[in-house]
Each structure stands twice: as structure tokens, then as C-alpha cells.
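[1] okay, sequence plus prediction incoming.
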Amino acid sequence: PGLCGVNAYCRVRNHIPICVCNKGYSGDPFSQCQRVTTQRPAPEIIDPCNPSPCGINAECRERNNAAACVCLPGLQGDPYTECKPECTINQECSSNLACIANKCKDPCPGVCGTHATCTVRNHNPSCTCDPGY
């Protein structure tokens with residue numbers, strides 16, 4: 001008694017007493033043995049958006065640990081390949097619409113005065129006076 005350190009015991013081998021750390025402990029059995037603690041490796045955090053699987057002008061958002069691509073505001077298309085505006089020039093719209101702020105819209109609102117009718121010809125608004133004016 002007293003020969004071995006804390007958390008250690010004495011064992012005789014070939015008529016020679018030796019100190020050994022208790023099971024689950026390690027260190028210097030003549031002074032003190034410490035409990036062996038095993039640390040689990042931290043789980044690897046996987047970011048499904050890095051690198052981004054999204055196309056041009058799209059952003060990646062994580063949903064349930066999976067990547068989900070969406071077009072940037074005001075753009076349309078397949079977010080996994082490319083998002084772009086609805087139009088950039090009039091010819092990308094049907095002939096009765098005009099490309100206004102990258103959207104195909106009716107160019108008539110607010111163009112003609114009172115007692116006039118607006119029609120669209122080849123993307124351009126045209127005002128005609130109502131009969132009698």
C-alpha cells in the first residue's frame with residue numbers, strides 16, 4: 001500500500017511488484033493515472049451549396065441539406081443552367097407588346113390622351129383620335 005499512485009494498483013510479476021494504471025486510465029502509475037477520454041470526431045459539415053450547382057444568375061439555397069437553385073429576382077429560366085430577363089429587346093416579345101424594364105408589356109398605358117385609342121403596331125404604341133375628335 002502507498003507504493004502506487006492514484007488510480008493505479010500493484011501487480012506482482014516474476015516476484016517483482018509493479019504498478020499498473022486501472023482499466024480505462026493511463027499515465028504514470030507511480031504518481032497518478034488519468035481517465036482515458038476518447039473524443040468523437042466532429043461530424044463533417046457538408047454545405048450543399050459549396051460549390052454551387054446553380055447556373056448563371058441563380059442563387060443556391062439550402063433546403064433539408066440539399067441544394068435548391070432559384071433565379072435572381074426579376075429573372076426567369078432554368079436556375080440550374082441560366083436565368084435571364086424575359087426580354088432585352090422588343091423583338092423578343094410578341095408584336096403587340098414591347099420590352100419594358102426587361103418584361104414584355106403593353107406599351108399603351110398612359111401614352112394617349114383623352115378621347116384617343118391606343119393600338120400597338122410592331123411593338124410601338126400608336127394613338128388614334130376617337131370618332132368625332
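    Thanks, I have the structure now.
[2] the residue nearest to the spatial centre of the chain sits in which helix or strand?
    By CA atoms, centre = their mean, the chain has its centre lying nearest to Arg61, at 3.0 Å. Assigned by DSSP states H and E, Arg61 belongs to strand 58-63.
[3] now do that strand: which elements does it pack against?
    Packing partners of strand 58-63 (3 or more CB pairs under 8 Å, 6 or more residues apart in numbering; DSSP states H and E): strand 66-71. (Glycine included, C-beta is placed from N, CA and C.)
[4] and for the residue nearest to the centre of the chain, nearest residue in space, chain neighbours not counted?
    With CB to CB, 6 or more residues apart in numbering as the criterion, Arg61 has its nearest non-adjacent residue at 5.1 Å, and that residue is Ala68.
[5] can you give me the neighbour number for the one you found?
    Look at Ala68: counted by other CB atoms under 10 Å, it has 16 neighbours.
[6] also the one 4 residues further on?
    Using other CB under 10 Å, Leu72 has 14 neighbouring residues.
[7] do His123 as well
    19.
[8] same deal with Gly5?
    Neighbours of Gly5 (other CB under 10 Å): 16.
[9] low-confidence ranges, the chain, go.
    1 (pLDDT under 70).
[10] that one: strands as residue ranges?
    8-13, 16-21, 25-28, 32-35, 58-63, 66-71, 76-78, 82-84, 98-100, 103-105, 116-121, 124-129 (DSSP state E).
[11] save those as TSV, and put in distance to Pro51 too.
    Output for those, formatted as TSV (distance: least, CB to CB, whole Å):
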stretch	distance to Pro51
strand 8-13	53
strand 16-21	49
strand 25-28	43
strand 32-35	43
strand 58-63	9
strand 66-71	10
strand 76-78	18
strand 82-84	17
strand 98-100	34
strand 103-105	32
strand 116-121	45
strand 124-129	45
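[12] between those strands, which one is closest to Asn90.
    When those are ranked by proximity to Asn90, the top entry is strand 98-100, at 5.0 Å, counting by CB to CB.
[13] the closest one: which residues count as buried?
    Buried positions in strand 98-100, judged by neighbour count with 16 or more other CB atoms under 10 Å: 98-99.
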